[in-house]
Structure formats: C-alpha cells, structure tokens
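**Q** Here is a sequence with its predicted model. Questions after.
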Amino acid sequence: MTTSDKNTAVAGLRIFVAEDEFPVLQLIEDMLEELGCYVADAATSVPTALELALSTDADIAILDLNLRGESAFPVAQILRDRGIPILFSTGYGAAGLAPTWQDCPVIQKPFPLHQLACAIARTTAKE
Amino acid sequence: MEEEGSTSLGRGEAFSGESLSARAAPSDLHGGVPLSAILLTEELWRRPARAPDYQSENRALAKLIEALSERPTTILQTLADTALDTLDADSAGLSLLTDDGTAFEWGAIAGAWKPHLGGGTPREFGPCGDVLDRKTPMLFSHWEKRYPYLADALPLAEEGLLVPFYVGNEAVGTIWVIAHSNRRKFDAEDLRQLESMGRFASAAYRTTKLLDAEEAGRTALDSMEKLRNSEHRLQQLLQALPAAVYTTNEEGRITYFNEAAVEFAGRRPEIGEMWCVTWRLFYPDGTPMAHEECPMAVALKENRPVYGEEAIAERPDGTRRWFAPYPTPLRDRSGRLTGAINMLVDITERKEAERRQKLLVDELNHRVKNTLASVQSLVVQTAKTARTVEEFRHSVEGRILAMSGAHDQLSQRSWVDADLGDLLRSCLKPYLSKGNLAVHGEAIAVPPRAALMICMATHELATNAAKYGALSSETGRVDVSWGVDVTESNRALHLRWVERGGPAVTAPERKGFGTRLLERGIQAELHGTTTINFMPSGLECEFTIPLNDDV
C-alpha cells in the first residue's frame, strides 16, 4: 500500500515529528503512515530538532515538549516564526502551557489513531 | 468599731464633698451660731499665769528631734504624742490641709480621739479653717455648737487649743490639744509650748514631704529599674530567637529589631524606618510590593493581626528569600494601639521542597505517560506481525518484560545508570540458564536511555535467535561481548552479538518491530550504528554506541 492510495482527510501532509522516546516515535510514524501522511523530518533531541526546524519543508509539526529533559519551546518558536502550525504532544496536558502557546492544539500521550487524525486536522485548519 | 460614747468620724463623714455641703453649710453661715460664741481665746491671758516651763519644753523638743532623726516617717505621730504628754491634754493631733485645699485631714492623733484618725474638717467651715483664716491661735469651747458635724466627734471638746503652722508663707495645717472635761484649762504657757511645737511641726512637715518625695522617687526609680530589667530580658529573649523579629510604634516606625532580622533582611535597618526591615518586597507571583502595602502595614492600619500571608524579600545583594510574616498589633491596657510586633519566618526551604516535589510529580507523570505510549507502540507493532493471538501475547509480554527488566536494573541505581553486564544478564535470563549463551565484558555503566534500548535490542536478537537462529537448536551458541573504545574526544561502546552453530539465517523480507528497533532505534535514540551480517556461520550483529553525556 502506498500512501497515495489513502483517502483520509489528512492524506498527503508532510509532517515534522520531534519525539525522544523511540517506541513512541515509531508508533507516531506508523500512525502517520496509516493516515497517508509523510514523515518529512524526525528528531529525538532539541539540538537536532532546532536544526531541522530551520530547514524543514513540513506542512505541520508534531512536537513533544520535553525532549530528553530539555524544553522544546525554542523549537516551537522557530516553527511559529516560519509559519508552520504546531501540534504539541505531551504527557503533561494543556494546563502546563504558557499563555502565548495556549492557542496551539495539544494531544496527550498515549493516544489512539483517530485522536491523532483529529488533532492533525485541527492543526492544519489553524492556517 | 463602735465604742460606747464615741463614734469614729471617718473620712467619709466629714470629708466627702457631698456630705460637707449637706452638713456644713451655708445655712449655718447665715444665721447659725456665730464664731464668737465658741471662742475663748481671751481666756488664755486671763487665766492665772504660769512661769515658762523650759525644761518641759526642752524635753519635748529633744524627743521630737530624736524622733525626726531616727524615725522620720513617724514624726507626725510623735508630735501628737508629745503634745498630749507635754500639755497634759486628753487628745492631741495635727490637721493637715489636703492637696486640693478644700479640707483638713487629721493626719496624726493621740489620746481619746485616736479612733478619729483620718477624719477631718472642711476648710471653709471648721475650727482649723478659722485659725488659718486669721493666722492666729485660737481657743475653742464646744465647737459643735457652731459646727454641728463635730457633734459626732466624741468625746466632745470642752476646750480645744489650736495653733497654725506654716511652711514658708503657706499655711498647711494646725496642731491642737483638746480637753474633754473641766479638768484642764489651757493657758498662755500652754500656748507658748504648743507654738514651739508648732514651729517644730513646720520642720517636721517639710521633712515628711521630702521623705515622701524621696520615697516616691525611689519607688519610681525602682519601677523604672524593674521595667528596664524586664525590657532587657525581653530584648535578650528576642535576640535569642532564630526568627527575625522587629517592632514599630503606632505610626509604623521601626523601634526595635533583633540580629536575626538583620541577617534575614541582609541589611541593618535604621530605627525610625517605615513598616519593614526588608530591602525590597515582592508578592508570591513576583510583582513588586510597596513597603506600605506589606502585611505589617496592613496590620497597623487596620489594627488587626495579619496571618497566613507569604511574600518574597530581596536583599541588597540580590538574593531572595520566601517568608511568612506574623504581624500582631500591640495595645495598652485601655486597648489603644501602641505599635506592632512582626516575626518573619524564612520558608524558602519549604518552598524549594514544594517546587522540587511538583517537578518530581510532573516528571513522574511524564515518564508514566511515555512508558504507556511505548507499551502502546509495542502492542500495535507486534500486532502487525503476530499470526496468532498466542504468538501475539507471547511476543508482547516478552517485550514488556524486557522493558521492565531494564527499569529494574536502572531503579537499583536510582535511574542514574546500570551496569551493562548486569543488564544483559537480567535481560537474557531465560536463555542463560540453558547454557548456550555467554555474556562477558568489562564492567561499564550505561545511562538510562542506552540501557533501555540495549535491553530491548538484545531481547529482539534473542527472540529471533530462539525462533530461527542459534538458540533454536541444540548445537547453537550465542556469544555476547563488549568493549569500550576511547579516542581523544569520544568514548564508544562496541557490543557484539555472535551466533554460531545454528541453522542458516537470511535477512527478513519485511522489517518487523525487531529489525526497525535494531537499525533505527539505536541510531535515533542513541546516535549509534548497527551492523547486521547474516553470515553462513550465523548472524552477527554489532552496535557502536557513543557514550558521551547526552545519551
């Protein structure tokens, strides 16, 4: 099955994923594949994520807020400045976000496939 | 006490303003018995003269002088006793004008009138007043005729001889002797002696006043001394307290602070500064707090204790401390606000502990969520390749337990790191017991991420070996070994998995969870590399994992 066969609402989107837990990264990648999305770039640490954020051509980003103990907000700032919508994935919940980030969609781990699909749709809608 | 024939003319009766005006009054002055009707003063010179009795007089004065110097506080009574004796009277005493000048008080009495001690007469209407008005001695008889209130002063006075005495120009009282019967008729000599005693009475009076003043002064000094002592004790107590304590007056000006306050504030306040000992204040949310808004200021302005608040104090050197103030207003006995006392309890450590705990809870939450997401990932991906439920269950369980095993190893060393050998032996336990798997290498500590990944990876390798490779046959062997390469700037772990003597294996067509983990996982998580060679002799796998700080 190639992704072009998928007929989902979010099919074709290119996604930049930042996630430090490998099994979770795999899961997200698999889910994205199922939804017909491409993983444009993937990072597991803040330094890598910062680099990729500057160069990525992704349509949206799925960003874990805590990458190996470091805050990923600087990465979010770059993405926002570049106009790339962000979906925060977190174990903490939306309550932890500073006011300036309150309008970004948030998804809490662990999440099932359909929840990810909805969240991605919400993120792209915020263009 | 009631004796037959005598009444105690207590203070209340002749003295109190109300009864005076009720009795003494105006009605008597107008149409009452005139003064002349009770005066016998002329008699003093008409009665047979006696020669001056200097001896008697000197004896009396000697007694008085002795009393004055030895027992000065008793001088007035001694005076009354001496007058009684020397003049052979039935009663004798002293009348002293009260401070407000409205009455005379019988301050010392000897003889039959002794029970009336403390009684007296009004200044405006009585024998003593008459004497002071004219500044001359007078002899009275039955004065109760003109002054009815004296009818209660029993026994009645057949004759009463009064002599004024002064302090400077000021009339302060009279000295008197009384005869209660005809037995005694006072004469000029009695007068002379009484006047002599009157002069003495002036000196005595001045002395007693001085003594009283001295006593009062001493008492005042004593009290002040006691007060200073207790203040000193209080200050010592406050100094000894480990908490910062300071006081202000009712306006909020600092009046005292202990050393702990200096230390807390990081500065030495000035007496008179307003409201607070601290340099700068902030609300718990970090916004600045003006000193006049601080809990101490509120307590003073609203005259109530202000407990339960918390704030941040910044010292001149920039350091900050959390504290809880306990300002309490101080009031005098009538309830008027006189100032306030404040104790500042440093709660920085508690706040730190609270913050650390919150971080830990957040961290815990994060880890648990991540672990669950990882398990979710395991389950989902295992489901893709498992052909039966039994296989699925076995596979998932194995992976979860491998992960859990790694956690156990890490837990033993508080999640700082794990010993690689212990980790591998724990992870490969089921296979070790069979004797066809060997684990050896130098002791080395690996950080949590690496530990987890290595554990999962070797689990995969072992699972595959048990299904298709060296561990699936009697003759197969697996050798796990490792070493550390140290170059100038890098430490790298080389971990090798070598299978021998088992069935030939080939690369799988589809990349399952295991393969992806081995290839991508090591690279993504640990920035390491994996090489897998499907040799004819058996599978060989090598991981190269950098062991720098950020793994």
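**A** Thanks, I have the structure now.

**Q** Look up the closest residue to whichever residue of chain A sits closest to chain B, ignoring the ones flanking it.
**A** At 3.1 Å from chain B, A:G91 is the closest residue in chain A, using CB to the nearest CB. C-beta coordinates here come from the backbone N, C-alpha and C atoms, glycine included. Among residues not flanking A:G91 along the chain, B:K369 sits closest, at 3.1 Å (CB to CB, 6 or more residues apart in numbering or on different chains).

**Q** List the contacts of that neighbour.
**A** A:G91, A:Q108, A:K109, A:P110 (CB atoms under 8 Å, 6 or more residues apart in numbering or on different chains).

**Q** among the residues you listed, which are in strands?
**A** A:Q108 (DSSP state E).

**Q** Make JSON lines from the contacts of B:K369 and add pLDDT and distance to A:A119 to it.
**A** Supplementary listing: the contacts of B:K369 in JSON lines, determined by pLDDT from 0 to 100; distance: CB to CB, whole Å:
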{"residue": "A:G91", "pLDDT": "72", "distance to A:A119": "15"}
{"residue": "A:Q108", "pLDDT": "87", "distance to A:A119": "10"}
{"residue": "A:K109", "pLDDT": "86", "distance to A:A119": "12"}
{"residue": "A:P110", "pLDDT": "86", "distance to A:A119": "13"}
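
**Q** Relative to the whole chain's centre, how far out is the strand or helix carrying B:A220?
**A** Assigned by DSSP states H and E, B:A220 belongs to helix B:188-240. Distance of helix B:188-240 from its chain centroid, counting by CA atoms, centre = their mean, to the nearest Å, is 37 Å.

**Q** What's the mean pLDDT across that helix?
**A** For helix B:188-240, the mean pLDDT works out to 85.

**Q** likewise stretch B:401-415?
**A** Taken as a whole, stretch B:401-415 has a mean pLDDT of 88.

**Q** With chain A in mind, check whether it reaches it.
**A** No: legend: contact between stretch B:401-415 and chain A by CB under 8 Å from any CB of the partner chain is lacking; minimum distance shown is 8.5 Å.

**Q** With just CA atoms, put that stretch into CSV.
**A** Written as CSV, here are the backbone C-alpha positions of stretch B:401-415 (Å, rounded to 0.1, in the frame of the first residue of the first chain):
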residue,chain,number,x,y,z
LEU,B,401,9.1,-7.7,30.4
ALA,B,402,12.3,-6.8,28.7
MET,B,403,11.5,-3.1,29.2
SER,B,404,10.5,-3.8,32.8
GLY,B,405,13.7,-5.6,33.4
ALA,B,406,15.7,-2.7,32.2
HIS,B,407,13.7,-0.5,34.5
ASP,B,408,14.5,-2.7,37.5
GLN,B,409,18.2,-2.5,36.8
LEU,B,410,18.1,1.2,36.5
SER,B,411,16.0,1.5,39.6
GLN,B,412,18.6,-0.2,41.6
ARG,B,413,20.9,2.6,40.9
SER,B,414,18.3,5.3,41.2
TRP,B,415,18.0,5.8,37.5
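
**Q** and the closest residue to chain A within the stretch 251-400 of chain B, backbone torsions?
**A** Proximity to chain A, evaluated over the stretch 251-400 of chain B using CB to the nearest CB, is greatest for B:K369 at 3.1 Å. Note on B:K369: its backbone torsions stand at phi -60, psi -40 [degrees, to the nearest 10].

**Q** when you scan the host helix or strand of B:C541, is anything in it near chain A?
**A** In the assignment (DSSP H and E), B:C541 maps to strand B:539-546. No: counting by CB under 8 Å from any CB, chain A is not contacted by strand B:539-546; separation bottoms out at 12.8 Å.

**Q** how distant is that strand from the center of its chain?
**A** Counting by CA atoms, centre = their mean, strand B:539-546 comes out at 69 Å from the chain centroid.

**Q** Just the buried residues of it, please?
**A** B:L539, B:E540, B:C541, B:F543, B:T544, B:I545, B:P546 (16 or more other CB atoms under 10 Å in any protein chain shown).

**Q** So which residues on chain A come close to chain B?
**A** A:20-27, A:30, A:42, A:44-45, A:66, A:68, A:90-92, A:96, A:108-111.

**Q** what about A:A18, neighbour count?
**A** Using other CB atoms under 10 Å in any protein chain shown, A:A18 has 28 other residues around it.

**Q** I'd like to know how far it sits from B:S426.
**A** A:A18 sits at a distance of 32 Å from B:S426 (criterion: CB to CB, to the nearest Å).

**Q** Among the contacts of B:K369, name the buried ones.
**A** For these, a burial check counting by 16+ other CB under 10 Å picks out A:G91, A:Q108, A:K109, A:P110.

**Q** between those residues, which is nearest B:Q235?
**A** Among the buried ones among the contacts of B:K369, A:G91 lies closest to B:Q235 (CB to CB), at 55.8 Å.

**Q** wait, what's in contact with that closest one?
**A** Contacts for A:G91 (CB under 8 Å, 6+ apart) come out as A:N66, A:Q108, A:K109, B:N365, B:H366, B:R367, B:V368, B:K369, B:N370, B:A373.
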